[in-house]
Structures are given as structure tokens and as C-alpha cells.
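Colleague: Structure for this input, please:
(chains A and B)
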Amino acid sequence: MKTVWTIARRELASYFTSPLAYVFLVIFLLLAGFFTFTAGAFFERGEASLAAFFAWHPWLYLVLVPAVGMRLWSEERRAGTLELLLTLPVTTAQAILGKFIASWLFLALALALTFPVVVTVNVLGDPDNGAIVAGYLGSFLLAGAYLAITSMTSAMTRSQVVAFILSIVLCLFLILAGFSPVTDLLSRWASPAFVDAVAAFSVITHFDGFQKGVIDSRDLVFFISVIGFALFATGVIIRGHRAG
Amino acid sequence: MIRIENLVKTFGAKRAVDGISFTVERGEVLGFLGPNGAGKSTTMRMITGFYPPTAGRITIGGHDIVEEPLAAKRLIGYLPENAPSYPDMTVRGFLEWIAAMRGLEGDARKKAVARVVERCFLEPVLEQSIETLSKGYRHRTCLAQALVHDPDVLVLDEPTDGLDPNQKHEARNLIRELGRTKAVVFSTHILEEVDAACTRAIIIDRGRIVANGTPAELRAMSEIAGAVTVQAQGATEAKLAALGRVERVDGAFRVYPADKKATAELTRAILDLAAREGWRVEGLRTEEGQLDEVFRRITLPDTVRK
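Modeller: Numbers count the residues shown, from 1 in each chain, chains lettered A, B, ... in the order given. Purely as a prediction, here's the structure:
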């Protein structure tokens, strides 16, 4: 566990040695603000909730999480430091976990910096703060799921750009499977059971509950399984490269 | 300390390493020679646990690298090819991180870092970020990284590559010194380094060991090893031919004995002959053999390979 933390600390520090981290934080906060107040019509809704804020997160993360995670492994492979890291006395799992935790913490920091919307809604009205906490938890898990997928695509290639695009495509699938225009289209020719089965794979379906303030164990299991599976796949890919 | 048996690594249909076996004990410096693409780096990556072997067995200090990777890796210090490091870190930050990953804490970590900084002459750049360093310093930083936990086994992949002649000299001295108390394997394609630093050398070609011995033994495999070159006024090829095969080299004669080991006898015979014939001997040299000739003869250049 100590080794995992040593890896995570280095990785987290490396975000802040380049201006990229600050640029990311600013863009994230600007976009989150724009989607909430302009596109999400926060004021016009006339309700004291953060529905307008959370509803956009699956789309917002679609671009921003791959941007944070794309370098995780591809950069190590390109620079040859992968060899350095994996010949230290660490297991592949420790390395994957350490790096994942570092970028997840970075995303948690970005999310935490959106606290002004919580303040705003509390000043303007009397929201259900329990639902807001649930929303934040859901958003954090959602970011983790995207990030784990990005970790996997990042392990596939030396190129950060390829990793970025691949993870956007994969994450987009996870959104669209439960996106109502798509499910409506599907239900025209497929049985309802099939449509439900497809939608069950979507982050939208499982993020919904959190937004409403419901922490359902099935949703928790979904996000944790996606993270677990993608990180496991990362390990298989990294070992595969070396097995030749 | 390092024991390798029948090591094989295939990439697809290509056999990069094809049945290599050797051992390296404490106090030995093994030079790993071979043309580019012979399988040097692949072998080193397997020794250090980066590549799993396709077949064969590697043990480091009794620990199998596949079955007990962590115990084995703890004993190894590794300088990968091209000396990679994290460019955004400072030299101190990088070395402290490696020390932490090696399980060194607090005072022990500080001491370990200070020791390798002194040993690798990194004092002047300690607080600089690695990306601003010259290639020589970057290389030394990565070497320092390999030494920070004072490992029993050192695996160095082209440790002198890209260094200037002074730095090369320093690096060789360091390797020789480290070899007194550790088991060291280093790869190179600079043949003079074999003499400068190795107690033993292995030449590999296309994944196989083609020669294994001390630098002197390898040189003795040379065609000219054991020959005697004589420069003398009045000497003629015809007279010398009685002693062995004769070849003209830059105005001197090189005489090859029938038996390579009979060099001393041959030298005496030549001197006797010179005395009898009244030649004035200006130079007499016993040929020890040349490593580069041996190397060229037993390895194929990659232009010949398919």
C-alpha cells in the first residue's frame, strides 16, 4: 500500500509541475459554470437543486477526463520510463493502482473546486443537501469510470492523441447506450428487454439515481465494476506488451 | 548471484534470445558484447524482470525472477538503455523517489541519496529538473538511480553510451570498482571497454552465445594470436618460412607458429635465426590478438542478415 502511495504521490506532483494541470482546472470550472448557468438554465428553472449542474457531467467528462488520463501509460512507454518503473520492486497492479489513484484525486480536486455552485444554491434557496452529496459521489464515480477506461486505452499506445480519441469513443458508447434519443430509436425495432439490457451498460442510467439523491447499491456496483474491469484490462495489456 | 539457464525469448516468429546460459558471481564484471540487435537488451530486460522469458530460468541471489519477482528485483540495480528518467522531476526529487520505492526511509534515504550523488558527481545539478540536464548528467542520474539501494547485482545496458571520453573513463573506473563487491553485467559494443572494465566477456550473436571467456582468452581466439612479428634488417621471407607461415606487414614479417601456444619457442627460434644470419633486429613483438578481429569473425554484420 505504501508503494502504491509513493507512486501516486509522484504522479500527482507531476500534474502540477506543468501548466497543463492549471489550464485543465480553469477550463473544467469555466465549462462546468457555462453548462450549469447558461446551457442548463440554472436560474430559469426556479428550483433549489443542482440538477442543472450534474446533468451535464457525463458530457463534460467525456473530453476532460481522457485529457487528464491519456498520458498515464502512453507517456511512460514513449519515454522508456515504463522499464524503469516496472523493474523496481513493484507489482504491475501496484503501479496501475498508484497511477489511477493519482489522477482520480486530481479529478476529485477539480470537482471539489466547484463548491461555489453549492454555496450559490444554498444562498438562493433551501436545497436538499443530501441529494447534492449523492450527486457529487455519483460524479466522482463517473469520473473514475471514464478515467479507468482512459488508463486502459493509454496502455494500448505510445501516442497520447490516440489514447485520447480511443477513450472518447469508448466513453461515448457508455453514454449513448442509455441516452434517450438512442434508446427511443432502439425501442422502435428491438424488444423492451433488449433496450433495457443495452441501457444497463450506460453511465447515464446509473448516474441518474445519484442526481436524484438516491445511492443505489446496483449503481455503486456498476461504477466499481467498470473501474475494476478497465484497470484489470490495463494490467493485461501492459503484461501483454512485454510477453511478446 | 545471477544464474541463467537456457533462456529463450521469442517475439512472434523471431527468436530474439535463443538458449543462453551463464552465471555471474559476486566480484565479477561480465561484459556483454554483440552487434546491434543480437539480443543484448532483451536478455537484460529478462534478467531485470521487465520481459517474462518465453522459456528458461533466471535466478537472482537464489530468487527466481518469475516466481519471486519482488525479492529478485530488490537485489538488482538496473540502468536501462538510453537511461530513461522522469524529465519533470529534479535530480534530488527523482533519486529520493527511487529510494522511497526501494523501501528506504528517513535518515537512511537521505544518506543513500547523498552517497550516490557524491559517487556520480551530481552535486552541481542536484536541484535542476532532469529535462534541463546535458546527456552526460542525465546518464549519471540514471546510473545513480541504479546504485541508490546499494544492490548486490548491477545490470547496466550500455552505461557509457553517449558519454564523452572523460566521462567514459570515469564510468569504466566506477564499474570496475563496483565489480569488486557486486555481480555486474554490462552491455557495450565498444571493445576497448572489455579490457578496461571486465573480468569476463560474452559475445552473443543472433540470440546465441558465440564466445565466453576472459578478455585474454577471447583475444587468443584471434587468428593472429600467438604470432610473432619481427622487424629486422637483412631478414628474408624465405628464411623465416622455415619456422612457420609468414606474412608481410608494413615492412615487417609476421610469423605464425604451427601451434598457437608455442610462441615462446618461436620467439627463441627467430632470435637464434637472426643471430646466425647476422640480421639486425629492430623490433620483435608477440601478438596477443585483437578483440575486434575476433568480434568480426564470429558475429555477422547486420547487413548480411536477412
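
Colleague: which stretches of the chain have low pLDDT?
Modeller: No chain in the question, so chain A it is. Applying pLDDT under 70 to chain A flags residues A:244.

Colleague: Chain B, not that one
Modeller: Applying pLDDT under 70 to chain B flags residues B:300-306.

Colleague: switch to 90 and redo it
Modeller: Applying pLDDT under 90 to chain B picks out residues B:1, B:11-15, B:33-39, B:82, B:119-121, B:135-136, B:159-172, B:188-198, B:205-207, B:210-306.

Colleague: Give me the phi and psi angles of B:I4.
Modeller: Dihedral pair for B:I4: phi -120, psi 130, per degrees, to the nearest 10.

Colleague: tally of neighbours for B:I224?
Modeller: Using other Cβ atoms under 10 Å in any protein chain shown as the criterion, B:I224 is surrounded by 17 other residues. Backbone N, C-alpha and C define where each C-beta goes, glycine included.

Colleague: ok now do it, which residues does it touch?
Modeller: The contact partners of B:I224, by Cβ atoms under 8 Å, 6 or more residues apart in numbering or on different chains, come to B:254, B:256, B:287, B:289-290, B:293.

Colleague: now do A:V118
Modeller: Counting by Cβ under 8 Å, 6+ apart, A:V118 has contacts A:50, A:129, A:132.

Colleague: if we go to 7 Å?
Modeller: Residues counted as contacts of A:V118 (Cβ atoms under 7 Å, 6 or more residues apart in numbering or on different chains) are A:I132.

Colleague: and the contacts of B:I224, which of them are in strands?
Modeller: If you go by DSSP state E, the contacts of B:I224 have B:254, B:256 in strands.

Colleague: List buried residues within the contacts of B:I224.
Modeller: Using 16 or more other Cβ atoms under 10 Å in any protein chain shown as the burial test, the contacts of B:I224 include B:254, B:256, B:287, B:289, B:293 as buried.

Colleague: shouldn't the third one be in contact with B:A220?
Modeller: The one in question is B:E287. No: in this structure, B:E287 is not within contact of B:A220 by Cβ atoms under 7 Å, at 10.2 Å.

Colleague: rewinding a little: out of the buried ones among the contacts of B:I224, who's nearest chain A?
Modeller: Proximity to chain A was ranked across the buried ones among the contacts of B:I224 by Cβ to the nearest Cβ; first place goes to B:E293, at 34.2 Å.

Colleague: what's near enough to touch the closest one?
Modeller: Residues near B:E293 by Cβ under 7 Å, 6+ apart: B:222-223.

Colleague: circling back to that earlier point, from the buried ones among the contacts of B:I224, pick the one nearest A:L30.
Modeller: Closest approach between the buried ones among the contacts of B:I224 and A:L30, by Cβ to Cβ: B:E293, at 69.0 Å.

Colleague: and that closest one, how far is that from B:R200?
Modeller: Going from B:E293 to B:R200 by Cβ to Cβ, to the nearest Å gives 19 Å.

Colleague: just B:A100 next, same as before
Modeller: For B:A100, the distance to B:R200 equals 35 Å [Cβ to Cβ].

Colleague: With A:F16 instead?
Modeller: 48 Å.

Colleague: Which one's more surrounded, these two?
Modeller: B:R200 (18 against 12).

Colleague: Now do the same for B:I203: helix, strand or coil?
Modeller: Look at B:I203: counting by DSSP: H, G, I helix; E, B strand; the rest coil, its state is strand.

Colleague: That one against B:G213, yeah?
Modeller: No: applying Cβ under 7 Å, one finds B:I203 not in contact with B:G213, separated by 9.3 Å.

Colleague: Which of those two has more residues huddled nearby?
Modeller: B:I203 (25 against 14).

Colleague: How about that one, nearest residue that isn't a chain neighbour?
Modeller: Of all residues not flanking B:I203 in the chain, B:A211 sits nearest, at 4.2 Å (Cβ to Cβ, 6 or more residues apart in numbering or on different chains).

Colleague: got the contact list for that neighbour?
Modeller: Contact analysis of B:A211 by Cβ under 7 Å, 6+ apart lists B:203, B:218, B:221, B:298.

Colleague: and chain A, which residues reach chain B?
Modeller: Residues of chain A lying close to chain B by Cβ under 7 Å from any Cβ of the partner chain are A:3, A:6, A:10, A:14, A:17-18, A:79-81, A:83-84, A:86-90, A:242-244.

Colleague: hmm, which of those residues are the buried ones?
Modeller: For the residues of chain A next to chain B, buried by 16+ other Cβ under 10 Å: A:3, A:6, A:10, A:14, A:79, A:81, A:83-84, A:86-90, A:242.

Colleague: Compare the contacts of B:A211 and tell me which is most surrounded.
Modeller: Most surrounded of the contacts of B:A211: other Cβ under 10 Å gives B:L218, at 27 neighbours.

Colleague: host element of that residue?
Modeller: helix B:215-220 (DSSP states H and E).

Colleague: in that helix, what's buried?
Modeller: Residues B:215, B:218-220 are the ones in helix B:215-220 that count as buried (16+ other Cβ under 10 Å).

Colleague: Not counting residues beside it along the chain, what's closest to whichever residue of chain A sits closest to chain B?
Modeller: Nearest to chain B, among the residues of chain A, is A:G80, at 3.6 Å (Cβ to the nearest Cβ). Closest residue in space to A:G80, ignoring its immediate chain neighbours: B:P84 at 3.6 Å, by Cβ to Cβ, 6+ apart.

Colleague: and the stretch 1-150 of chain B, which residues reach chain A?
Modeller: So the stretch 1-150 of chain B meets chain A at B:9-11, B:48-52, B:70, B:73-74, B:78, B:80, B:82, B:84-86, B:88, B:97, B:100-102 (Cβ under 7 Å from any Cβ).

Colleague: Now tell me what touches stretch B:114-134 from outside.
Modeller: Under Cβ under 7 Å, 6+ apart, the answer for stretch B:114-134 is B:85-92, B:94-95, B:137-138, B:140-141, B:143-144, B:147-148.

Colleague: taking those one by one, which sit in helices?
Modeller: Judged by DSSP state H, helices contain the following of the contacts of stretch B:114-134: B:91-92, B:94-95, B:137-138, B:140-141, B:143-144, B:147.

Colleague: Chain A: which of those residues is nearest?
Modeller: Distances from chain A to these, taken by Cβ to the nearest Cβ, are shortest for B:F94, at 9.0 Å.

Colleague: In contact with residue 231, which residues?
Modeller: Using chain A. If you count contacts by Cβ under 7 Å, 6+ apart, A:L231 has them with A:96, A:100, A:148, A:151.

Colleague: Oops, wrong one, chain B.
Modeller: Taking Cβ under 7 Å, 6+ apart, we find B:Q231 in contact with B:251-252, B:282-283.

Colleague: Burial check on the closest residue to A:L107 other than its chain neighbours, number of neighbours?
Modeller: Spatially, and ignoring its direct neighbours in sequence, A:L107 is nearest to A:A143 (4.5 Å; Cβ to Cβ, 6+ apart). Residues near A:A143, counting by other Cβ under 10 Å, number 26.
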